[in-house]
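**Student:** model this:
(2 chains)
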Amino acid sequence: MSFAWPWQYSFPPFFTLQPNGETRQKQLSAWCALALAYSRRHRLPAMTVREAQDSPLFANRRLQRILCGARAPACRPLPSLPSAVGERLLNPHPGKLPLESIQVVLEELRKNGNLEWLDKNKTSFLIMWRRPEEWGKLIYQWVSKNGLTNSVFTLYELASGDDTENEEFHGLDETMLLRALQALQQEHKAEIITLDDGRGVKFF
Amino acid sequence: MHRRGVGAGAIAKKKLAEAKYKERGTVLAEDQLAQMSKQLDMFKTNLEEFASKHKQEIRKNPEFRVQFQDMCATIGVDPLASGKGFWSEMLGVGDFYYELGVQIIEVCLALKHRNGGLITLEELHQQVLKGRGKFAQDVSQDDLLRAIKKLKVLGNGFGIIPVGGTYLIQSVPAELNMDHTVVLQLAEKKGYVTVSEIRSSLKWETERAKQVLEHLLKEGMAWLDTQAAGEPQYWLPALFTELYSQDITPEEAKEAIP
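**Tutor:** A predicted model of the protein is given here:
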C-alpha cells in the first residue's frame, strides 16, 4: 500500500516557513505529523540534516520544492514584508542567521519528544515516531499481562524472541529498545542489567 | 368687462377644477390600488394552491424550487421569511433552508483551519452533498446561495464574493474590502497571485499590492511560496483544487461542534 501523502505535500507554500504566526503553527503541526507518519512507514534510520534534505519527505521533486536547509539551492531568502511583525517572525535573532526551515521542523519534533540529536553539533538525528516512554509502556503492559514481573530478559529475547512475536515492539532496534527500558527504569519499573553475553533487563 | 381666465372668479374656478381633478386622481389611484390588491390576493391564493399541490416537487426538485421562488418574488412573497408563517408551515421550505444553513456552517467551521474561512461554492457544494448522504434531498448551488443569504441577514459573518464564474464564500468576520476582493478574483485563475500580476492587471503601486497580500496572509487565507521561479507567489488554500476531494477528517469534524 503506497504512502498517503497529506494535501499539504502538494501545496507549494508548504515548503516555505510561513511568516504568519498562526499559519506557521498549523504548518509545523502538519510537518510533524507527516514526518512521524513517513518515518513509521519507511522505518527511517538515523540521518544527517544533509541527507534529510534529499529525502522525499522534505523534498518534493515533482513540485520542485524543498524544506530548506543552509545549502539547498532552491531556497531563496524570504522577501521583505512591510510590517515589523513580519520581520521579527522571519528573523527572531536579528544579526544572526535566520533559522532554516528544516531546522525549525526538527526542533519542533524534538520539543514534542519525537526527535533526538545524536551529536553535539546537531548534524545527525533520529526521528522517533513513537516516544521511548510510549514504547516502554507497551513493553510493560505485555510484561504485566503475562505475569512476567520479576523476570529477567535479554534484550534479544524481548525484541526478537518467539514470545513477543505478535507484539508491536517485536523487531524494535536496540537503540530504541534501550531508550524505552531507560524510561521504564526512571519509573522504577525495570532495571537494565549486564549479563554474560550482553545486556538484559529485570522487570518489577 | 369679463376677460377670460383672469380675475378672482377665474382663480376660484381654477382652484375648484384642480381640486376636482385631484379628487378624481385620488379616486383613480384608489381604484387602481383596490384592483391591484384584488389581483394580488387572487395571485396569492393561486400560488398557495399551486404550492400545496406541488409540495413534493418543490421539496425534491432543485430547478423547480428556483422557479417557484422566482414566482414568489414576483409578487413580493418570501417563502423563506422566518420559521413561522403560512409558507414555511405549509411547505416546510423554511425548515429546509434553516437545516441547510446549519450544514453550511458545520462544513465551514470544519474546514476553516485549512482555508482561513474562504471556500469556493463548488467545494462547499461537494462537502455538503457528502454530508447529506445518498438518501437525502438533492441540494443545488442555488439552494446554498439562498441559505447563505439568510445566514448573512442573521449576521453570522458570512459573505459572498463573486470570482471568475463562481463565488467564494467567506465564513469568518474578516475585513475584506474592495481591494482584497479584487485580488481574490485575480488569484482565482491559477490559485495564486504575485505582486507583478497585481501591478500589471490592476495598475496598482507595489505598496498597495503588498498591503493586500499581507492582510490575506494575516487572515490565514493565503500562504507564501518563496521557491517559485521569478518572484514569491501567494497561494490560497481555498482555490487549491487538489484539496477539494479531501474528506473532512475526524479532527476537523470536531471543530464543527460549537
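
**Student:** which other residues reach whichever helix or strand A:Y38 is part of?
**Tutor:** Using DSSP states H and E, the element containing A:Y38 is helix A:21-42. Helix A:21-42 has contacts (C-beta atoms under 8 Å, 6 or more residues apart in numbering or on different chains) with A:3, A:5-6, A:8-9, A:14, A:17-18, A:44, A:57, A:67, A:89, A:104-105, A:108-109, A:112, A:114, A:127-130, B:113, B:116, B:217, B:220, B:223. Heads up, the C-betas are built off the backbone N, CA and C, glycines and all.

**Student:** Just the buried positions in it, please.
**Tutor:** Across helix A:21-42, burial judged by 16 or more other C-beta atoms under 10 Å in any protein chain shown covers A:23, A:26-28, A:30-32, A:34-39.

**Student:** swap in stretch B:195-208?
**Tutor:** B:V195, B:E197, B:I198, B:W204.

**Student:** The residues you listed in helices, which ones?
**Tutor:** Among the buried residues of stretch B:195-208, the residues falling in helices (DSSP state H) are B:V195, B:E197, B:I198.

**Student:** Check whether the second one really touches B:L186, as I assumed.
**Tutor:** Yes - in terms of C-beta atoms under 8 Å, B:E197 counts as a neighbour of B:L186; the distance is 6.5 Å.

**Student:** Among the contacts of helix A:21-42, name the ones in helices.
**Tutor:** Those of the contacts of helix A:21-42 lying in helices (DSSP H): A:L89, A:V104, A:V105, A:E108, A:L109, B:H113, B:L217.

**Student:** For B:A209, see how far away the last one is.
**Tutor:** In this structure, B:L217 and B:A209 are 13 Å apart, going by C-beta to C-beta, to the nearest Å.

**Student:** do A:P6 as well
**Tutor:** Between A:P6 and B:A209 the distance is 31 Å, computed by C-beta to C-beta.

**Student:** which of the two has more neighbours?
**Tutor:** A side-by-side neighbour count of A:P6 and B:A209, using other C-beta atoms under 10 Å in any protein chain shown, places B:A209 first with 21 against 15.

**Student:** distance of the residue of chain A found nearest chain B from A:A46?
**Tutor:** Closest contact between chain A and chain B, by C-beta to the nearest C-beta, is at A:P13 (3.5 Å). Distance, A:P13 to A:A46, using C-beta to C-beta: 30 Å.

**Student:** Looking at these two, which one has more neighbours?
**Tutor:** Between A:P13 and A:A46, counted using other C-beta under 10 Å, A:P13 has the larger neighbour count: 26 against 13.

**Student:** ok, and the closest non-adjacent residue to that one?
**Tutor:** Spatially, and ignoring its direct neighbours in sequence, A:P13 is nearest to B:W223 (3.5 Å; C-beta to C-beta, 6 or more residues apart in numbering or on different chains).

**Student:** Could you report the neighbour count for that neighbour?
**Tutor:** By the criterion of other C-beta under 10 Å, B:W223 has 28 neighbours.

**Student:** Which pLDDT value belongs to it?
**Tutor:** On the pLDDT scale, B:W223 is placed at 96.

**Student:** Next: A:A183.
**Tutor:** Confidence score, pLDDT, at A:A183: 93.

**Student:** Quick check: which element contains it?
**Tutor:** Here A:A183, judged by DSSP H and E, is contained in helix A:174-186.

**Student:** Show me what that helix is packed up against.
**Tutor:** For helix A:174-186, the helices and strands in contact under the criterion 3 or more C-beta pairs under 8 Å, 6 or more residues apart in numbering or on different chains; DSSP states H and E are helix A:132-145, helix A:155-160, strand A:190-195, strand A:198-203.

**Student:** how deep is B:E123 tucked in, by neighbour count?
**Tutor:** Neighbour count for B:E123, taken as other C-beta under 10 Å: 22.

**Student:** Report the separation between it and chain A.
**Tutor:** 12 Å (C-beta to the nearest C-beta, to the nearest Å).

**Student:** Report the secondary structure state of B:Y167.
**Tutor:** At B:Y167 the chain is in strand, as set by DSSP: H, G, I helix; E, B strand; the rest coil.

**Student:** Please name the residues that touch the closest residue to it other than its chain neighbours.
**Tutor:** Nearest in space to B:Y167, with sequence neighbours left out and distances taken as C-beta to C-beta, 6+ apart, is B:L121 at 4.5 Å. By C-beta under 8 Å, 6+ apart, the contact list for B:L121 reads B:Q141, B:L144, B:L145, B:T166, B:Y167, B:L168, B:I169.

**Student:** so the second one sits right up against B:H125, yeah?
**Tutor:** Yes - using C-beta under 8 Å, B:L144 is in contact with B:H125, at 6.0 Å.

**Student:** Looking at those two, which one has more neighbours?
**Tutor:** Looking at B:L144 and B:H125 with other C-beta under 10 Å, you find the greater number of neighbours at B:L144, namely 22 against 19.

**Student:** and the residue of chain B found nearest chain A, bridged to which residues?
**Tutor:** Nearest residue of chain B to chain A (C-beta to the nearest C-beta) works out as B:W223 at 3.5 Å. Beta-bridge pairing of B:W223 under DSSP bridges involves B:W235.

**Student:** Need the pLDDT of A:N60.
**Tutor:** Listed pLDDT for A:N60 reads 90.

**Student:** Tell me, how many residues neighbour it?
**Tutor:** For A:N60, the neighbour count with other C-beta under 10 Å is 18.
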